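Engineer: predicted structure and sequence below. I'll ask about it afterward.
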Amino acid sequence: MPQLNPGPWFTIFLSSWIIYLTILTSKVNSFKHQNNPTLQNMKKEKVQPWNWPWT
């Protein structure tokens, strides 16, 4: 049963993860935002209670 032989697919799997962890993570981590995030307004709005028409 050749599908149980881990030799060919395991090396491809392992080498692809090594490439992913070494090359692609550095490219993703070096990504810069084009628009720097700004802080949101920290004031809380005053909440008005809702008048239920059936009470």
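Structural biologist: Happy to help now that I have it.
Engineer: just the helices in the protein please.
Structural biologist: Secondary structure of the chain by DSSP state H: the helices cover 7-19, 25-29.
Engineer: state the mean pLDDT of the shortest one.
Structural biologist: For helix 25-29, mean pLDDT rounds to 82.
Engineer: got it, and stretch 34-54?
Structural biologist: pLDDT averaged over stretch 34-54 gives 77.
Engineer: first vs last residue of it, how far apart are they?
Structural biologist: Stretch 34-54 has an end-to-end distance of 51 Å (CA to CA, to the nearest Å).
Engineer: so how far is that stretch off the chain centroid?
Structural biologist: 27 Å (CA atoms, centre = their mean, to the nearest Å).
Engineer: and for stretch 7-22?
Structural biologist: Per CA atoms, centre = their mean, the centroid offset for stretch 7-22 relative to its chain is 22 Å.
Engineer: using CSV, write down the CA coordinates of that stretch.
Structural biologist: C-alpha atoms of stretch 7-22 as CSV (Å, rounded to 0.1, in the frame of the first residue of the first chain):
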residue,chain,number,x,y,z
GLY,A,7,8.6,9.3,2.7
PRO,A,8,7.5,11.5,-0.3
TRP,A,9,4.7,13.5,1.2
PHE,A,10,6.2,14.1,4.6
THR,A,11,9.4,15.7,3.2
ILE,A,12,7.3,18.0,1.0
PHE,A,13,5.1,18.9,3.9
LEU,A,14,8.0,19.5,6.2
SER,A,15,10.0,21.6,3.6
SER,A,16,6.9,23.7,2.8
TRP,A,17,6.4,24.5,6.5
ILE,A,18,10.1,25.4,6.9
ILE,A,19,9.9,27.8,3.9
TYR,A,20,6.7,29.2,5.3
LEU,A,21,8.1,29.8,8.8
THR,A,22,11.4,31.3,7.6
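Engineer: tell me which residues in that stretch are buried?
Structural biologist: Buried residues in stretch 7-22, counting neighbours by 16 or more other CB atoms under 10 Å, are absent. Bear in mind the C-beta positions are built from the backbone N, C-alpha and C, glycine included.
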